[in-house]
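# Here you go, sequence then predicted model.
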Amino acid sequence: MHINDKSGVKTYSASESRYDNMTYRRSGKSGVRLPAISLGLWHNFGFVDNIQNGREIIRYAFDLGITHFDLANNYGPPYGSAEENFGTILKQDFKHYRDEMFIASKAGFDMWPGPYGNWGSRKYLIASVDQSLKRMGLDYVDIFYHHRPDPETPLEETMGALADIVRRGKALYVGISNYSAEETQRAAALLKNHNVPFILHQARYSIFDRWVEDKLLETLEKNGVGCIAFSPLAQGMLTDKYLNGIPEGSRASKDLSYLNTEMVNNNLEKIRRLNTIAQERGQKLSQMAVAWILRQPTVASVLLGASSANQLKENLKGLDNLEFSDEELKVIDEIVK
């Protein structure tokens with residue numbers, strides 16, 4: 001910081017106790033251990049957001065032992081801005097801590113105009129990782145994912161591109177996201193033939209959304225791959241936000257494509273009953289939702305977003321009680337049927 005800096009932001013020095021209390025879980029059969037909770041930068045880190053708030057969240061996360069930070073090329077808005085802001089924060093605060101951080105990026109969704117800015121071609125993936133590294137000011141990412149299956153590009157081409165990204169030193173490991181069990185098995189076989197470390201599958205998973213339990217978790221375990229769960233709070237439904245209806249200004253009130261008033265209203269009674277179980281466990285609903293996912297041994301980490309350091313702190317308390325009785329699990333299953 002310059003001596004005349006009047007921003008009020010002090011020079012950062014990481015907490016010496018940052019590894020004392022976090023739980024770390026192995027990702028499949030790899031040598032990588034991830035914090036039980038990782039920080040996702042999908043929301044709240046773009047150019048439309050306050051970068052100092054994002055900086056505070058990342059500092060707070062790292063001080064609590066969260067070493068894994070998850071991005072994608074199109075996170076923002078606008079596209080690319082979350083990576084650019086993250087790169088600025090890395091340069092300001094974390095240049096001495098890079099080797100303590102596990103940084104992810106992804107490509108597979110719409111990023112730039114024309115036929116080469118989407119899906120899973122070799123051209124798109126290699127251009128994407130180059131752009132992401134430039135935005136973040138990094139020589140490599142720890143893991144690079146293909147963000148979603150491409151129905152038209154041969155899987156051999158997509159996995160071959162991921163393999164070359166590792167060979168060129170632009171990523172240490174590779175992963176995939178949103179792939180079915182069958183697609184995951186094919187991808188695992190191809191990557192094994194390339195002798196490339198495939199260690200994570202990032203999948204949507206929550207008490208309300210259990211598609212991964214139909215063969216995917218079994219497939220991952222068989223192939224020595226860990227699962228990292230995103231949307232663990234079902235876009236906010238598994239929190240206390242909607243217990244008394246839909247508050248003005250919330251995501252559901254804006255009828256966004258991934259959450260709307262009808263969805264919340266259809267699940268409101270279930271949300272309230274789940275909240276009662278959480279209270280009996282001495283937890284908030286969001287904390288129980290995180291703990292419920294972590295009961296799965298194949299899950300390496302749960303990916304959480306945060307709009308403030310306090311929100312992150314609140315959700316981290318889910319790690320304080322990870323045990324469920326058979327009766328609790330049975331009642332939860334009955335509620336969401």
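Good, I have the coordinates. Residues are numbered from 1 along each chain as shown.

# show me where the stretch 151-300 of the chain has helices.
155-167, 181-193, 216-222, 261-280, 285-294 (DSSP state H, counting those that start in this stretch).

# Could you tell me the least trusted of the ones you listed?
With a mean of 93, helix 261-280 has the lowest mean pLDDT of the helices of the stretch 151-300 of the chain.

# for that helix, packing partners?
helix 285-294, helix 326-336 (3 or more Cβ pairs under 8 Å, 6 or more residues apart in numbering; DSSP states H and E). Heads up, the C-betas are built off the backbone N, CA and C, glycines and all.

# which of the helices of the stretch 151-300 of the chain is buried the deepest?
Scoring those by mean neighbour count under mean count of other Cβ atoms under 10 Å gives helix 285-294 as the most buried, with a mean of 23.

# Run through who's touching that one.
Contact partners of helix 285-294, identified using Cβ atoms under 8 Å, 6 or more residues apart in numbering, comprise 25, 36-37, 205-207, 229, 232-234, 238-240, 271, 274-275, 277-278, 281, 283, 299, 302, 304, 314-315, 317-322, 324, 332.

# Stretch 115-123 too?
Counting by Cβ under 8 Å, 6+ apart, 108-111, 124, 127, 146, 148-150, 152-153, 157-158, 160-161, 164 sit against stretch 115-123.

# next one: stretch 203-211
Contacts for stretch 203-211 (Cβ under 8 Å, 6+ apart): 177-178, 212, 216, 227-234, 237-238, 267, 270, 274, 289, 292-293, 299, 332, 336.

# Only C-alpha atoms, please: export that stretch in PDB.
Included here for stretch 203-211 are C-alpha records, laid out as PDB according to Å, rounded to 0.1, in the frame of the first residue of the first chain:
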ATOM      1  CA  ALA A 203     -22.200 -31.300  -9.200                       C
ATOM      2  CA  ARG A 204     -25.400 -29.600  -8.000                       C
ATOM      3  CA  TYR A 205     -26.400 -31.300  -4.700                       C
ATOM      4  CA  SER A 206     -28.700 -30.500  -1.900                       C
ATOM      5  CA  ILE A 207     -31.400 -31.900   0.300                       C
ATOM      6  CA  PHE A 208     -33.900 -30.900  -2.400                       C
ATOM      7  CA  ASP A 209     -31.800 -32.000  -5.400                       C
ATOM      8  CA  ARG A 210     -30.300 -35.500  -5.100                       C
ATOM      9  CA  TRP A 211     -29.700 -36.500  -8.700                       C
END
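
# could you give the mean pLDDT of that stretch?
98.

# Kindly report the same for stretch 86-99.
So the average pLDDT for stretch 86-99 ends up being 98.

# End to end on that stretch, go ahead and measure it.
One end of stretch 86-99 to the other measures 16 Å (Cα to Cα, to the nearest Å).

# sec struct for Ala104, please.
strand (DSSP: H, G, I helix; E, B strand; the rest coil).

# number of nearby residues for Asn21?
Using other Cβ atoms under 10 Å, Asn21 has 11 other residues around it.

# follow-up on the earlier one: now the helices and strands packed on helix 261-280 in a markdown table, with distance to Ile199?
Shown next, in a markdown table, are the helices and strands packed on helix 261-280 (distance: least, Cβ to Cβ, whole Å):
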| stretch | distance to Ile199 |
| --- | --- |
| helix 285-294 | 18 |
| helix 326-336 | 28 |
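
# who wins for proximity to Glu56 among these?
helix 285-294 (20.1 Å; Cβ to Cβ).

# Check the offset of the closest one from the chain's centre.
15 Å (Cα atoms, centre = their mean, to the nearest Å).

# can you state the direction angle for that helix and helix 326-336?
Counting by axes from the mean of the first three to the mean of the last three Cα atoms, to 10 degrees, helix 285-294 lies at 110 degrees to helix 326-336.

# Out of the contacts of stretch 115-123, list just those in strands.
Filtering the contacts of stretch 115-123 for membership in strands, criterion DSSP state E, returns His146.

# For Gly54, give me its contacts.
Shown in contact with Gly54 (Cβ under 8 Å, 6+ apart): Leu41, Asn44, Phe45, Asn85, Phe86, Ile89.

# Counting neighbours, which of those comes out on top?
Going by other Cβ under 10 Å, Phe45 tops those with 30 neighbours.

# you'd agree that one is in a helix?
No: assigned with three-state DSSP, Phe45 falls outside any helix and is coil.

# buried subset of the contacts of stretch 115-123?
If you count burial by 16 or more other Cβ atoms under 10 Å, the buried members of those come out as 108-109, 111, 124, 127, 146, 148-150, 153, 158, 160-161, 164.

# Counting neighbours, what do you get for Ile76?
For the record, residue 76 is Gly, not Ile. Neighbours of Gly76 (other Cβ under 10 Å): 21.
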